[in-house]
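Enquirer: Need the 3D shape of this:
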Amino acid sequence: MPSSETTHRTPEPPIYIAVARNSDGISGESFVDGGLRVRVASPTAENRAGATNPEELLALSWATCLNAAARVVAGPGTDVEATVEISLHPLTDQGFELSGAAELRFDGVPLDEAHALAAAAHERCPVSRMLSGRSAVRVTAVA
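Expert: Modelled structure (predicted):
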C-alpha cells in the first residue's frame with residue numbers, strides 16, 4: 001500500500017546557512033544575522049510607509065532563484081526575465097494562505113523550447129522545490 005507521506009532525499013551537508021530572525025511579528029523588523037535588516041508591515045496595512053512583507057520577500061526570493069536556475073538551463077547568452085506573483089488569500093477559520101505563480105521569459109527562444117526550459121528551471125530552483133513540498137522543512141519549539 002503506498003504511503004501518503006512525502007519522501008525527501010537526504011541532502012548533502014549545507015554549503016551556506018542563512019539565519020533570519022523576527023521578534024516583532026508582522027509589524028516591526030526582520031533581519032538576517034550579520035546582514036540585511038528590513039522593516040515589515042502587514043500587506044493589508046493602510047500605511048506601510050515603505051515596509052516590506054513576507055509575500056514580497058517570498059516573491060523576491062523565488063524570482064531570483066528561478067532566474068538563476070533558468071540561466072543555467074538555457075545556457076550562456078540567453079537573456080531571462082522571471083516574474084513572480086505571490087497572492088495572499090483569507091481562509092475561513094485558519095488565517096491566511098499563499099499561492100504563487102511564476103513566468104519565465106527567454107529572449108529569442110521559441111515557445112515550445114521555452115516551456116521545456118521553464119520546467120527544467122522550476123525543477124532546478126531550490127525555492128521552487130521547497131514551495132512544491134519537495135524539500136524537508138521543520139518547525140520546532142525551543143525554551
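Enquirer: ok, now which ones touch the most centrally placed residue in the chain?
Expert: Nearest residue to the geometric centre of the chain (CA atoms, centre = their mean): residue 62, 3.6 Å. Contacts for residue 62 were tallied using CB atoms under 8 Å, 6 or more residues apart in numbering; they are 82, 84, 86, 100, 102, 125, 127, 128, 131. Placement of C-beta: from N, CA and C, glycine included.
Enquirer: so which helix or strand takes in it?
Expert: For residue 62, the host element (DSSP states H and E) is helix 54-74.
Enquirer: Under a three-state scheme, what state does residue 136 occupy?
Expert: Under the three-state scheme (DSSP: H, G, I helix; E, B strand; the rest coil), residue 136 adopts coil.
Enquirer: From residue 11, how far off is it?
Expert: Distance from residue 136 to residue 11, counting by CB to CB, to the nearest Å: 8 Å.
Enquirer: Same question for residue 52.
Expert: For residue 52, the distance to residue 11 equals 29 Å [CB to CB].
Enquirer: which element is residue 122 on?
Expert: Residue 122 belongs to helix 111-124, assigned by DSSP H and E.
Enquirer: rewinding a little: tell me how far the helix holding residue 62 lies from the chain's centre.
Expert: 7 Å (CA atoms, centre = their mean, to the nearest Å).
Enquirer: Likewise for stretch 98-115?
Expert: How far stretch 98-115 lies from its chain's middle: 17 Å, per CA atoms, centre = their mean.
Enquirer: May I see the buried residues of it?
Expert: Residues of stretch 98-115 classed as buried by neighbour count (16 or more other CB atoms under 10 Å): 100, 102, 104, 106, 109, 114.
Enquirer: Residue ranges in the protein under the pLDDT threshold?
Expert: Where the chain drops to pLDDT under 70, the residues are 1-9.
Enquirer: at 50 instead, please
Expert: 1-4 (pLDDT under 50).
Enquirer: Quickly list the domain ranges of it.
Expert: Domain segmentation of the chain under automatic domain parsing yields 9-52, 53-143.
Enquirer: Can you tell me which of those domains is packed in deepest?
Expert: The highest average neighbour count among the domains of the chain, using mean count of other CB atoms under 10 Å, belongs to domain 53-143 at a mean of 14.
Enquirer: ends of that one, how far apart?
Expert: With CA to CA, to the nearest Å as the measure, domain 53-143 spans 27 Å from end to end.
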